[in-house]
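Q: Sequence and predicted model, in that order:
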Amino acid sequence: MQSSQLSQTLAFIANFYDSCKFGCEGVEGYRKSTDLQKFTHCILDLQHHGFLDPRRTTFVDLGCADGRVNVMVSYAVRRSIGIEIDPEILAEYAPMKSRLTSKLQEAGLASPPDNIALFHGSSLEDETFARIFQETGAHLEDIDFFYTYITLHDLFGEMIAEKAKPGALYLVYGFSKILPRYDGMELLLPDVGSQGIAALYRKL
C-alpha cells in the first residue's frame, strides 16, 4: 500500500475508534486508550525508519483492550498480536471491527489485513505466550516489536529485557518530556511521530 493510501486509511480508522468512548465518567473519566490520530503519525514514522515492515514484523500489544491498535498496525506489519486480561473488553473487538470494515468498504478503503490474532490472558505470564505460539507459531523470542499504553510499562520492560531477542523494539505510549529508562535497553526515538507522546526503545 502506498504511503498516501495508508495515511488516508489510518486516519479513517483513527476517526472511527476515537469517536467511540467507553466507561463511566467520574474520577477516572473514560477508559484510557491510545489517541489514534496521534498514533497514526507514530505508525507512519516507524515505517519510514524501517521499524515496521509488512513482510517481516511480528507486533504485540501488551494490553490491547478492544484491539484498535492492532487493527491500525495490521497494515504495516506481517503479524499483529494483542493480549488483553479483561474478557469483556476483548469481546468488543469483533463487533467493532465488523462495523469498521463495513465503513471502510463503503469509503472505498482497504479492509484490515487477515493477520490479527487477539488473546485473553496476562501479558506477563509464560502460559499466554505458549498459547500464542500454539495458534500463531510465534515464540516470545520471535517478536520484533512490543507496544504498551504506559500501564505496567516498567514490568513489561523488565520482561522484554529478560526474555525478548536482542534488537527487539519496545514502544511506550504516554510519556512526553520525562522518559523512563529500562535496564538492558537503549532509547532509539524519544518522540516518535513528533507527537510528544511515545518513545521507542531497543533491547541491547
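A: Looks like it arrived, so ask away. A quick note: this is a predicted structure, and the numbers were derived from the prediction, not measured.
Q: isn't residue 113 right next to residue 72, touching?
A: No - the pair residue 113 / residue 72 is not scored as a contact, 11.4 Å apart, by C-beta atoms under 8 Å. Placement of C-beta: from N, CA and C, glycine included.
Q: and these two? which has more neighbours close in?
A: Taking other C-beta atoms under 10 Å, residue 113 and residue 72 do not tie; residue 72 has more neighbours (23 against 16).
Q: Give the burial count for the nearest residue to residue 185 once chain neighbours are set aside, as a bare number.
A: In space, and not counting its chain neighbours, residue 185 is closest to residue 201: 4.4 Å by C-beta to C-beta, 6 or more residues apart in numbering. If you count neighbours by other C-beta under 10 Å, residue 201 ends up with 25.
Q: Would you confirm that residue 201 belongs to a strand?
A: Yes - judged by DSSP: H, G, I helix; E, B strand; the rest coil, residue 201 forms part of a strand.
Q: in the sheet, who's paired with it?
A: For residue 201, the beta-bridge partners are residue 170, residue 187 (DSSP bridges).
Q: distance of it from residue 52?
A: 15 Å (C-beta to C-beta, to the nearest Å).
Q: Could I get the full set of strands for this protein?
A: Residue ranges of the strands in the chain, as given by DSSP state E, are 58-62, 79-84, 116-120, 145-149, 169-173, 185-189, 198-203.
Q: Including mean pLDDT and distance to residue 158, could the ones you listed go into CSV?
A: Formatted as CSV, the strands of the chain follow (pLDDT from 0 to 100; distance: least, C-beta to C-beta, whole Å):
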stretch, mean pLDDT, distance to residue 158
strand 58-62, 98, 12
strand 79-84, 98, 16
strand 116-120, 98, 21
strand 145-149, 96, 12
strand 169-173, 97, 11
strand 185-189, 97, 10
strand 198-203, 97, 11
